[in-house]
Every structure is written in C-alpha cells, then in structure tokens.
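Chemist: quick check, what structure comes out for this input:
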Amino acid sequence: MGNWLGGKGAVTRVVPTILLLMLVMLSAACSFSGRAERPTGSPTTTLTPSGDVLRIDGEIVRRVLIPDPAQDPRYALTDRWLYVRGNNVWTPTRTESDERELLIDPTNIERIFRGAHPMCGLTNDDASADEPSQLEVSLDGGTSWRPLGQGENVEPIAFDPVNPDVLYGSDCNLAISTTSGNTWMHIDPLPDYALTELEIIDDRLLLLGTTLVGGSQLIEVDIADPQEPVIGEILLNVPGTASFDASEGRIVVGTADTVHLSTDGGLTWATSKVGLESVTAPIASPAAERPDGATVVDDVGILTVKIGVSAGRLYAGTPHGLYLSQDDGTTWVRYDEVSPNARVTKIQYGLGGADLYVTTDDGVVVIPAP
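Modeler: Okay, here's the model as predicted:
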C-alpha cells in the first residue's frame, strides 16, 4: 500500500515543516500573551540595602507601600505600574500608576483604597476647578477596582487602628467613613486650612492643616466615637508649610526654619535646629510663599519628619538629604547613607525598623537604619 505522504523521503521533509509550524504558532501565542498591558516582574535589591535608587525591571521605584512596618514593602509604584511583592519577587498588577494616594488595609493587605482631591484653594470653600477624582477600592491586590460612589474627591490617609471599617481622609477638610469607604462624613475642624496630614494616637486624631498664604496649624479631634468626632484644642501654630509625626505622647513638627518637639502630647513645646542651620531659614512673610504652598527659596526647610523606633531617635527629610538626631532633637547630623543632593519627602520603616525606605525626587532608596 502506498504512503499518502509520498514515501519515506517525503516524511523526512514534512516532519521538520510541521515542527517549524508548531514553533511559529507557539511563538505567536507567546507574543500575543506578551501584549497584555503589564510586563514581567523581577526581584529588586531591597534585601541588600545600598543607598541606590530601587528599580523593578529597570524602572525607578517612586513609592513603596508598607502596611506592616515589621515586614518589607508589599507594594511599589513605578512611573508605569503598581507591583506586588511575593517570595522576594515583584510582580506587576493590572493597575497603572497615577498620582492618586494608595492606602493598604493592614489587616487585609489585598484590600487597597485609592483616591485624591483637587488642589485646595485659599479657603475650604474655594477649591480648584480640577476634574473630580473617584475613590476606588480593590479587594484583590490591585487586579480589579470598584468605584465608591460617595467617595468622590477623597484622599484616603489612615485606617482606624481598632476598627478597619473606619477610614480617615482628606477632601481639603476632614472626611470620615465608618462604612468601609461606602459613605463619608465631612467636617471642617480647621477653618481656612487645608488638611494635609493626620496621625492617630489612641482616641486622638491629630490633624495638620496649611493655608497657602498664612501658615500651618496642628489640632486634635476626639474620635472615641468616630461617628461623633469632637473638635478639640489647637496644639500649635507655625508659619509656612509643615510636616509632622506622632507616637504616644511625642509629637514632632518640621517647618521651614526649625523642628518643634513635644513630649506631653502637645501641651508644651520646644524647638530644635542645632545642626540644621544650613537647611533651614525663617520665612520672612506670607508673601514669600508660592501658590502651591512651597517657599520661594525652595532649597531649605524640613519637608518630612519621622520618630524613630529607638529611644531618642528622630529623622528629618530636607531638600539636602536626610538628617538624624539621637538625643530627641537636641542636635542633628546629616546621615550620609542618603545623598546630600537628594530631596527627601518621605521616610518609612521596614523590617521592624532595621531598614529605612526614603522617598526622594529621584526615587526610593533603602538604607540600614542607624
């Protein structure tokens, strides 16, 4: 009986042809799957701190999210993607990077909120005409998102440490949700100030607000019952923009010209700038501020502060690197693990305080904590 493939010689010619076709089809399938909107993840150097800017697949890491300071970062943002970390490997999610703030639920790290608000005007009644921003939630680590209808123009900032259904945020005023972000209550504890930062200490909500022409104000709100917050006392007034951190009874506020310190919850204050003279300067007048709230001389000032894990340890981020105090702010020295040319805008802990993740204008660097 004859061979329908044309005999032995034909078989030897046809088989390679079939294999070639299979390889072409396989390659096309791989190429098609590679056209998905996200790249392949790879490890970074976060386990071996060196002070270099972190990268994922060659992309600079702009932000890291650390829901549990005892661990390494769980999420990271480059200019293009939100990445999630598992087994020491960064994997891209389906979420593209944008300017919205992300808040991770520390009790469920797959739950993420993201949102923003337009630039605040000179008063709380004078917001800019920017397009509204929709608050969204992801329950699967950034794979998919669901809009929260009543969360328009809310920037999520913090979860209540006792009840994860309670969230605090800013819409230029204070926004509080007791329903996992589905509904929001809006109050104005800082008239004529735009809320920029908040910290939670037990039943106290500490709020920092800033005006674009006057200064900054720190106030407390009683949140023993988050559904009925009680506006408390003004703790501090300072000129210009400011940043703060709080832990138990300690509060640290960084300004353009000094660092303010309280060890009794804001009842009394001291100032500290020995060693910070080259990176601080007084603001001459409210007119010395730009419309975005920064000083005209934008190469001085305390941009961010952080209370250290060790007793007496404080950190200050400046336009000229990272500064360290080991005596509760009495004196400061530059911490040379971060370049003196780096503009430091945020400081976070990893591995229980063993590592510092320092956000700069050039990207995030990770360094050993002193």
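
Chemist: helices or strands next to the helix or strand hosting residue 137 in the packing?
Modeler: Using DSSP states H and E, residue 137 sits within strand 136-138. With contacts defined as 3 or more C-beta pairs under 8 Å, 6 or more residues apart in numbering; DSSP states H and E, strand 136-138 has these neighbours: strand 108-115, strand 146-147. (C-beta placed from N, C-alpha, C; glycine too.)

Chemist: winner for burial among the ones you listed?
Modeler: Compared across the helices and strands packed on strand 136-138, strand 108-115 shows the largest average neighbour count, a mean of 20 (mean count of other C-beta atoms under 10 Å).

Chemist: please save the CA atoms from that one in CSV.
Modeler: Taking C-alpha atoms only, strand 108-115 is exported to CSV below (Å, rounded to 0.1, in the frame of the first residue of the first chain):
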residue,chain,number,x,y,z
ASN,A,108,-6.1,42.5,54.8
ILE,A,109,-3.3,43.5,52.5
GLU,A,110,-5.3,42.6,49.5
ARG,A,111,-7.7,45.5,50.2
ILE,A,112,-6.5,48.8,48.8
PHE,A,113,-8.1,52.2,48.6
ARG,A,114,-7.0,54.8,46.1
GLY,A,115,-8.2,58.4,45.7
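
Chemist: let me see the contact set for residue 363.
Modeler: 53-55, 60-62 (C-beta atoms under 8 Å, 6 or more residues apart in numbering).

Chemist: and it, bridged to which residues?
Modeler: residue 360 (DSSP bridges).

Chemist: pretty sure residue 101 sits against residue 156.
Modeler: Yes: Residue 101 sits in contact with residue 156 when judged by C-beta atoms under 8 Å, with a separation of 6.3 Å.

Chemist: give me the sheet partners of the strand holding residue 137 and which way each runs.
Modeler: Partners of strand 136-138 in its sheet, by DSSP bridges: strand 108-115 (antiparallel), strand 146-147 (antiparallel).

Chemist: can you tell which of those is closest to residue 307?
Modeler: When these are compared by C-beta to C-beta, strand 108-115 sits nearest residue 307, at 23.8 Å.

Chemist: what residues of the longest strand anywhere in the chain count as buried?
Modeler: Longest strand of the chain, by residue count under DSSP state E: strand 230-239. In terms of neighbour count (16 or more other C-beta atoms under 10 Å), strand 230-239 has its buried residues at 231-232, 235-236, 238-239.

Chemist: right, so of the helices and strands packed on strand 136-138, which gets closest to residue 215?
Modeler: Checking the helices and strands packed on strand 136-138 against residue 215 by C-beta to C-beta gives strand 108-115 as the closest, at 26.9 Å.
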